[in-house]
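Undergrad: Predicted coordinates and the sequence they were generated for:
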Amino acid sequence: MTTLDKLAATIEARKGANPSSSWTAKLLSKGPEKCAEKFGEEAVEAIIEAVKGDKKGLTSEAADVLYHLLVMLSARDIPLADVLAELDRREGTSGIEEKANR
């Protein structure tokens with residue numbers, strides 16, 4: 001089990017937790033739209049660190065982006081396995097070709 005798999009499982013387990021005792025449960029209790037908003041905020045923060053060239057800052061923000069992406073997916077009942085399967089499906093396909101086929 002990878003780190004992302006473990007994180008996704010933890011997020012799923014927190015769906016029913018008390019929002020006052022779990023940040024994940026608190027986010028999920030606010031609904032998919034709030035989860036998406038928080039993901040967007042974290043993505044912007046990662047972009048800022050990338051532009052600044054701050055490797056440590058970008059590493060930290062990238063971890064936040066991955067976490068919040070998994071929360072957003074969970075809020076819409078999309079398992080990480082489905083996203084990984086989509087990436088597997090695309091493997092070996094040119095990005096240009098893949099975009100053209102959408």
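TA: Happy to help now that I have it. Numbers count the residues shown, from 1 in each chain.

Undergrad: which outside residues touch the helix or strand hosting residue 72?
TA: Using DSSP states H and E, residue 72 falls within helix 55-75. Identification of contacts with helix 55-75 by CB atoms under 8 Å, 6 or more residues apart in numbering yields 4, 7-8, 11-12, 15, 24, 27-28, 31-32, 35-36, 38-39, 42-43, 45-46, 48-50, 79-80, 83. Bear in mind the C-beta positions are built from the backbone N, C-alpha and C, glycine included.

Undergrad: Show the buried residues in the residues you listed.
TA: 7-8, 11-12, 24, 27-28, 35-36, 38-39, 42-43, 45-46, 49, 80 (16 or more other CB atoms under 10 Å).

Undergrad: Now residue 22: phi and psi?
TA: When quoted as degrees, to the nearest 10, the phi and psi of residue 22 stand at phi -140, psi 120.

Undergrad: tell me the mean pLDDT over the helix holding residue 72?
TA: Mean pLDDT, computed over helix 55-75, is 98.

Undergrad: Helix or strand next in line after it, which one?
TA: Next helix or strand after helix 55-75 toward the C-terminus (DSSP H and E): helix 80-90.

Undergrad: Now do residue 49 against residue 17, distance only.
TA: Per CB to CB, to the nearest Å, residue 49 is found 30 Å from residue 17.
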